[in-house]
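Engineer: Everything below, folded, please.
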Amino acid sequence: MAEAERIIGTPDTPDADRGEQTRDEQTRDGRERAGTDGTAADTERPRGKRRIAVLFAVAAFAYALDLISKMIVVAKLEHHEPIEIVGDWLRFEAIRNAGAAFGFGEAFTVIFTVIAAAVIVVIIRLARKLYSLPWAIALGLLLGGALGNLTDRIFRSPGVFEGAVVDFIAPKHFAVFNLADSAIVCGGILIVLLSFRGLDPDGTVHKD
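Structural biologist: Residues are numbered from 1 along each chain as shown. Presented below is the predicted three-dimensional model:
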């Protein structure tokens, strides 16, 4: 009986040991993979937060620069003669613009106000998936410029959501604009260049 048990049990024992060893190895490998994935995720989170910080820092700088420049223009330049910077090729001239950037569409002030607010909301939502530094700068410029002009739409006369934007940069043979318009245009150009290069806001690169 003992001999039979020995004969029957002998082949099973190594298989059982190998099964246990395999399970241990799988468990260990799973832990290692989990640790690796966890480390990568932990690395991506601070990286994403830094990009978001860059976006809002650029936006805050652009917004503050636009706001301060408009305050100076309203206080020192409005109702005064234009100031020539480079002869008649570039001058500072205070103008109230009820339309879009560069003086277009003055009959649609409320619509442009709604569009600006929508752009701000979209940028803030997109910031959650932002892992690209160039995209952070581009979106920051757009956000700062949109906030600058939206502030005028809300708080300047003739009324809320119908306020006229303060423009003052007047190149020769070109529309008068402000620093917020400049930030929006620069941000838009940068986004176009990034799109042509195949760089997405999440940091991935694709090629068509």
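
Engineer: element containing the residue positioned nearest the centre of the chain, please.
Structural biologist: Nearest to the mean C-alpha position of the chain, by Cα atoms, centre = their mean, lies residue 139 at 3.3 Å. Residue 139 belongs to helix 133-155 when assigned by DSSP states H and E.

Engineer: Give me the contacts around the helix or strand that that helix is followed by.
Structural biologist: The element immediately downstream of helix 133-155 (helix or strand, assigned by DSSP H and E) is strand 165-171. When contacts are taken as Cβ atoms under 8 Å, 6 or more residues apart in numbering, the neighbours of strand 165-171 outside the stretch itself are 69-70, 73-74, 77, 82, 89-98, 103, 149, 152-153, 156, 176-182. The way it works is simple: take the backbone N, C-alpha and C, and place the C-beta from them, glycine included.

Engineer: cool, and stretch 69-81?
Structural biologist: For stretch 69-81, the external contacting residues (Cβ under 8 Å, 6+ apart) are 83, 92-94, 148, 152, 166, 168, 178-179.

Engineer: do that again at 10 Å, thanks
Structural biologist: For stretch 69-81, the surrounding residues in contact (Cβ atoms under 10 Å, 6 or more residues apart in numbering) are 83, 91-96, 148-149, 151-152, 156, 165-169, 178-180.

Engineer: Any buried residues in it, and which?
Structural biologist: Residues 69-70, 73, 77 are the ones in stretch 69-81 that count as buried (16 or more other Cβ atoms under 10 Å).

Engineer: Determine the set of other helices and strands touching the helix or strand containing residue 182.
Structural biologist: Element membership of residue 182 [criterion: DSSP H and E] is helix 179-196. With contacts taken as 3 or more Cβ pairs under 10 Å, 6 or more residues apart in numbering; DSSP states H and E, helix 179-196 sits against helix 2-76, helix 109-126, helix 133-155, strand 165-171.

Engineer: Looking at that helix now, give me its mean pLDDT.
Structural biologist: Averaged over helix 179-196, pLDDT sits at 94.

Engineer: now swap in stretch 113-130 and tell me
Structural biologist: Predicted confidence along stretch 113-130 averages 88 (mean pLDDT).

Engineer: Ranking helices and strands of this protein by mean pLDDT, which lands last?
Structural biologist: The helix or strand with the lowest mean pLDDT-type score in the chain, counting by mean pLDDT, DSSP states H and E, is helix 2-76 (a mean of 66).

Engineer: Thanks a lot, see you next time.
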